[in-house]
Structure formats: C-alpha cells, structure tokens
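1. how would this look folded up:
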Amino acid sequence: MTAIFTEAPATLPLHVSGSVIGLSSLVLALLVIGLGLWSAPAWRRWGAFTLAMLVLTALLVAFENVAFRRGAPVGSAELGGLAERALWAVSLTWFVALGWRLSIASRGRAPARR
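-> The predicted structure follows:
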C-alpha cells in the first residue's frame, strides 16, 4: 500500500496509514510468536531471539518516526530513508534466521507420506 500511495500531499494520509498498519502488525506478530516460542522449552532460545528482534524492531520504528518528522533534531539530517531500510533489514533477518533453523531441522527427516 505504501508503494502505491506515495508521499505526495494527496496520498500522504494513505501512505502513513499503510505504514502504521504494516509496522504495527509486524510488532504484534513478533510479540505473539516470541511469547509462543518462549513457552516451548525446545524453542526457548528462538523465543528469546524473537523477543530481542521485537525490541530492536520497536526501537527502529520509533527512530524512523522521529527521523521522518521535520521538526525533530534528527529530521533535518534526513535519516528517514536509512532508518526505513534498517528497519526492514532487521525485520527480514528474523524470517531468514527462522527459515534457516527450520531447513536445518528438516534435513534429517523423510518427507511426509500422502
């Protein structure tokens, strides 16, 4: 949604709404998944990793909001794009790490029968 509705004045409210919904969903999903993994003894380390990624993601969301604000001290440095890219790199790191873990775990197993 944020790629369709740019930062042009006519579509800026839709751009901001799409960003808020997407980032809130990501933070909420990391919280729910992190707590779920934390409660399973075999996955406790991955739960801790997920909760750590949640904290880092939330900090980057806050920094991104400050970096895009024009009146903020950091806003004049125009670090919004850098903050946005760092946020998405961190959030995608979780998916890559968990996918790697699941692929390692499934190597020794035979495929399920139909």
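
2. Spatially central residue in the chain, please.
-> Most central in the chain under Cα atoms, centre = their mean is Ser91, positioned 3.3 Å from the mean C-alpha point.

3. from what I can see that one touches Leu54, true?
-> No. Counting by Cβ atoms under 8 Å, Ser91 stays clear of Leu54, with 10.0 Å between them. C-betas here are computed from N, CA, C, even on glycine.

4. what sits against the residue nearest to the centre of the chain?
-> Leu26, Met53, Thr57 (Cβ atoms under 8 Å, 6 or more residues apart in numbering).

5. ok, these vs Ala42, which is closest?
-> Met53 (19.0 Å; Cβ to Cβ).

6. pLDDT averaged over the helix or strand hosting that closest one - what is it?
-> Element membership of Met53, judged by DSSP states H and E, is helix 44-68. Averaging pLDDT along helix 44-68 yields 90.

7. Please pull up the helix or strand immediately following it.
-> Counting by DSSP H and E, what follows helix 44-68 is helix 80-106.

8. tilt between that following helix and helix 44-68?
-> Angle between the axes of helix 80-106 and helix 44-68 is 170 degrees (criterion: axes from the mean of the first three to the mean of the last three Cα atoms, to 10 degrees).

9. Please report the distance of Leu31 from Leu12.
-> For Leu31, the distance to Leu12 equals 28 Å [Cβ to Cβ, to the nearest Å].
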